[in-house]
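K.L.:
Below are the sequence and a predicted model; questions follow.
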Amino acid sequence: MFKERIKTSIIILLFINLIALTCQLWFGGGLLKEEISDFARGLPLVEKLFPKDEISIPRDMLSRPRRILINDGSLWIAYYNTDVAFSPIENRTSQIIQAFLRGETADSKPVSFREWQAALENVSIYVELPIAYATEMLCSVMGVDAQAAPGDISTIRDFIILPSTEETGVFLLVRDAYDNDNARIYQFPLGSFSLPASDLSIYTENNADYYEPAFSTGVEPEGVSLDPMVLFFDSRPSTADLIPGNPIADPEAAQKVLSGFFTNVDTAGRYDDGGVSVFVENYGDARVYPGGLFEYRAVEEDKGVKITESYSSYYETVNSAISFAEELWSQVGNGPLSVLVSSDLTQESGRIHLTMDYYQDGRPVAVELTGRGFERLGHGIEMDIVEGRIVSYRQLFRSYQTGGTSVLNGDFVGALDHFANDFSARPQPVITDIYIGYIDRGGTDSLKACWLAELSGEDRVYDYTGETQEPAAEAGEVSQ
Amino acid sequence: MKYIGATLAAILVMLSGLNVYAAHPNSIGAAESSTASDLIVVKKPETNNSATTKTTYGITGTGKNGVSVAYYKYDGSGYSAILNSDGAASQTKIGAAGVFYKQMSLSEGHNKFAVRAEYKGLSQVIYLDINLLKREVLDNVNSFTYDVQSIFTGWI
């Protein structure tokens, strides 16, 4: 009888537990989602059973190309990593790049830059990464063991993939990110990948935006040089305005950000410096500007905010820095931190200078912030890391919402005219890219889309708004 | 006197506008004579008669800052101005970069275009015949792969 009661009690308890867990699943957002301990989180089985549903845009985008340019023999089409149709072609190219990094190629030879360009003129896929990577870093980013990676090219920013035929396997061309004369072609064994040329038209047939690399146009602009891969195009996209917001305008929000840097925000000294809130602790100080600029500086390099061990790898350090920025953002922002790493990851040791820039609705938002009392800020986030410690951190805290209006910017050649005129007084300026995005100077007005240009050797973006039009009601793009 | 000056200035402004965008005729003949030969240089295609496999083709060139450029397509009897999606004639004014660029959709076979430049009363017309070859993608690939193969076999 006593045993029966115990059994009944256990069954009742199990039943109650079942109801409770079901309620948690239905109404509480899941089981063991965030509460799971870090110890358990490291176990592969736990990771598989209870995957974190966090989205890390900067980390995910590190391994994705910035754009893929397809030449199917009839035309050039460019896909950007924010395009809906980007993933299918990216999946195919990533497999080939990963196999290259695993050292699965059969043979390789050096090629000239002329041959590199000739490859682009033929049926090909050009894959451009968002930044330049040390080869080892690229392996880590793409989840490949770096031990077998080819050592001929030490820094990589782009690839050209040539389709396979019945007689030959896929070819891959790689060049050094900083030296066009150091390029190689790698041959995959026949049958390792099937990428016939006819497959490329799948990706080009339904796309209406045609692009042409500068080298193929045959023109050399007055006053400036163009990087061979600057893309000419004829269409004028309609781009929505952005409404900026300052998520640390509220002093309580600013305190939350501070808690990421100070051991005890409540005991930190504070004073007002002409509208700027200054916080001082033994190991560092921070300044919160009314417009959303946040600055932190450690008093000494070994007194910075520890984000990882001093002996951590370059990849681990960058990963930790991204996590740190995301953790700060999670205290004050809604949704994931929408930034991409914008500084090259080619450094192997020493002080790491890491920059990230905002992206909204598939367009980059460049930050160009100048003012009295602070050093120019040229990125959404700038940080310096020394031996696993953040010694300097600056961020323009910004949230962006799509506005209700949009503009049609002037055409590509008009923008080129403007930049050629602006840059002509400089010694041998080389424009490395021209594209449409936004520039945020820390104001409160909505941001209108504009042309942005990057110059070789300069860590800043130049903007040109020029003549814009209100688009027609149903206009998405117009052709000149 | 003031009014005369203002009227003259207004007329000059109007004329300068015409000079940029309204000087080009709606159509031109197949052998329009030029009064200048150095207003523009077409860079692509490299020759007046050329062939390509590109169905969308960028005509490019260079010229002096301020030169107005208009694009025409052969309509069977003469060359008609190419129109933008808004119905206006496709014209551009060369700027500081000294570059012009216009994407054209090609049909299989011969595509005849004219590029007309106008500057300070002078004009120049360049006729182009771009032959869109049949899309023989695999042949292209094979010919290039042959070159690529030769890199490995030591021919180049």
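P.N.:
Good, I have the coordinates. Numbers count the residues shown, from 1 in each chain, chains lettered A, B, ... in the order given.

K.L.:
Provide the strand pairings for the helix or strand harbouring residue A:355, with the direction of each partner.
P.N.:
Applying DSSP states H and E as the criterion places residue A:355 in strand A:352-360. Partners of strand A:352-360 in the sheet, by DSSP bridges, are strand A:339-341 (antiparallel), strand A:363-367 (antiparallel), strand A:381-386 (antiparallel).

K.L.:
Reformat these as a markdown table; add distance to residue A:180.
P.N.:
Where C-beta positions appear, they are placed from N, C-alpha and C, glycine not excepted. Putting the strands paired with strand A:352-360 into a markdown table (distance: least, CB to CB, whole Å) gives the following:
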| stretch | distance to residue A:180 |
| --- | --- |
| strand A:339-341 | 24 |
| strand A:363-367 | 25 |
| strand A:381-386 | 29 |
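
K.L.:
can you redo those as a markdown table with mean neighbour count, mean pLDDT and distance to residue A:118?
P.N.:
As requested, the strands paired with strand A:352-360 are exported to a markdown table (neighbours: other CB atoms under 10 Å in any protein chain shown; pLDDT from 0 to 100; distance: least, CB to CB, whole Å):
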| stretch | mean neighbour count | mean pLDDT | distance to residue A:118 |
| --- | --- | --- | --- |
| strand A:339-341 | 23 | 96 | 31 |
| strand A:363-367 | 22 | 96 | 31 |
| strand A:381-386 | 23 | 97 | 39 |
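
K.L.:
Tell me the residues of the stretch 201-350 of chain A that contact chain B?
P.N.:
A:201, A:210, A:212, A:216-224, A:232-234 (CB under 8 Å from any CB of the partner chain).

K.L.:
Now intersect the residues you listed with the helices, please.
P.N.:
A:201, A:216-217 (DSSP state H).

K.L.:
Who are the contact partners of the nearest residue to residue A:76 once chain neighbours are set aside?
P.N.:
Nearest in space to residue A:76, with sequence neighbours left out and distances taken as CB to CB, 6 or more residues apart in numbering or on different chains, is residue A:211 at 5.1 Å. Contacts here follow CB atoms under 8 Å, 6 or more residues apart in numbering or on different chains; on that basis residue A:211 touches A:69, A:76-78, A:231-233.

K.L.:
what helix or strand is the residue nearest the centre of chain B on?
P.N.:
For chain B, residue B:115 is the residue whose C-alpha lies nearest the centre (CA atoms, centre = their mean; 4.1 Å). Taking DSSP H and E as the definition, one finds residue B:115 inside strand B:109-119.

K.L.:
Okay, buried residues for that strand please.
P.N.:
Residues of strand B:109-119 classed as buried: B:111-119 (neighbour count, 16 or more other CB atoms under 10 Å in any protein chain shown).

K.L.:
Tell me the gap between it and the middle of its chain.
P.N.:
Centroid separation for strand B:109-119 versus its chain: 5 Å, with CA atoms, centre = their mean, to the nearest Å.

K.L.:
Quick one: low-confidence residue ranges for the stretch 51-200 of chain A.
P.N.:
Flagging of the stretch 51-200 of chain A using pLDDT under 70 yields the residue ranges A:51-54.

K.L.:
re earlier: the following helix or strand past the strand holding residue B:115 vs chain A: in contact?
P.N.:
Proceeding N to C from strand B:109-119, the next assigned helix or strand is strand B:122-132, under DSSP H and E. No: residues of strand B:122-132 contacting chain A under CB under 8 Å from any CB: none, with a closest distance of 8.8 Å.

K.L.:
what pLDDT, on average, does strand B:122-132 get?
P.N.:
Averaged over strand B:122-132, pLDDT sits at 95.

K.L.:
packing partners for it?
P.N.:
strand B:40-44, strand B:49-52, strand B:56-63, strand B:109-119 (3 or more CB pairs under 8 Å, 6 or more residues apart in numbering or on different chains; DSSP states H and E).

K.L.:
now the angle between strand B:109-119 and that strand, please.
P.N.:
Interaxial angle of strand B:122-132 relative to strand B:109-119 (axes from the mean of the first three to the mean of the last three CA atoms, to 10 degrees): 160 degrees.

K.L.:
Which neighbours in the sheet does strand B:122-132 have, and how are they oriented?
P.N.:
strand B:49-52 (parallel), strand B:109-119 (antiparallel).

K.L.:
tally of neighbours for residue A:195?
P.N.:
Neighbourhood size, residue A:195 [other CB atoms under 10 Å in any protein chain shown]: 20.

K.L.:
and if you look at residue A:198?
P.N.:
Residue A:198, neighbours per other CB under 10 Å, totals 14.

K.L.:
May I have the secondary structure class of it?
P.N.:
Secondary structure, DSSP: H, G, I helix; E, B strand; the rest coil: residue A:198 is helix.

K.L.:
same question, residue A:308
P.N.:
Relying on three-state DSSP, one would call residue A:308 coil.

K.L.:
list the contacts for the residue of chain B found nearest chain A?
P.N.:
For chain B, the residue closest to chain A is residue B:95, as judged by CB to the nearest CB, at 2.8 Å. Each residue near residue B:95 by CB under 8 Å, 6+ apart is listed here: A:413-414, A:416-418, A:420-421, B:65.

K.L.:
Kindly recompute the last result at 7 Å.
P.N.:
Counting by CB atoms under 7 Å, 6 or more residues apart in numbering or on different chains, residue B:95 makes contact with A:414, A:417, B:65.

K.L.:
Any of those residues buried? List them.
P.N.:
For the contacts of residue B:95, buried by 16+ other CB under 10 Å: A:414, A:417.

K.L.:
Mind checking which of the contacts of residue B:95 land in strands?
P.N.:
Using DSSP state E, no member of the contacts of residue B:95 sits in strands.

K.L.:
Assign residue A:74 to helix, strand or coil.
P.N.:
Three-state assignment for residue A:74 (three-state DSSP): coil.

K.L.:
what's the strand holding residue A:355 in contact with?
P.N.:
Residues from elsewhere that reach strand A:352-360 (CB under 7 Å, 6+ apart): A:58, A:242, A:317-318, A:321, A:325, A:338-343, A:364-367, A:379-385, A:398, A:400.

K.L.:
now the contacts of residue B:95 in CSV, with distance to residue A:332 and pLDDT?
P.N.:
Putting those into CSV (distance: CB to CB, whole Å; pLDDT from 0 to 100) gives the following:
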residue, distance to residue A:332, pLDDT
A:414, 39, 94
A:417, 42, 96
B:65, 49, 95
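
K.L.:
So which of the contacts of residue B:95 is the closest to residue A:443?
P.N.:
residue A:414 (25.0 Å; CB to CB).

K.L.:
The residue nearest to the closest one when sequence neighbours are not counted and chain B: what is the separation?
P.N.:
Sequence neighbours aside, residue A:466 is the residue nearest to residue A:414 in space, at 6.0 Å (criterion: CB to CB, 6+ apart). Distance, residue A:466 to chain B, using CB to the nearest CB, to the nearest Å: 11 Å.

K.L.:
Count residues in the vicinity of residue A:466, would you?
P.N.:
Residue A:466: 14 neighbours (other CB under 10 Å).

K.L.:
Could you do residue B:52 as well?
P.N.:
Neighbours of residue B:52 (other CB under 10 Å): 16.

K.L.:
try residue A:224
P.N.:
Neighbour tally, residue A:224, other CB under 10 Å: 22.

K.L.:
tell me which element residue A:93 falls in.
P.N.:
helix A:86-101.

K.L.:
Export the helices and strands packed on strand B:122-132 to CSV and append columns for mean pLDDT and distance to residue A:126.
P.N.:
Compiled in CSV, the helices and strands packed on strand B:122-132 are given as follows (pLDDT from 0 to 100; distance: least, CB to CB, whole Å):
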stretch, mean pLDDT, distance to residue A:126
strand B:40-44, 96, 19
strand B:49-52, 90, 19
strand B:56-63, 94, 17
strand B:109-119, 96, 26
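
K.L.:
can you list these in TSV and add distance to residue A:393?
P.N.:
Output for the helices and strands packed on strand B:122-132, formatted as TSV (distance: least, CB to CB, whole Å):
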stretch	distance to residue A:393
strand B:40-44	48
strand B:49-52	52
strand B:56-63	45
strand B:109-119	54
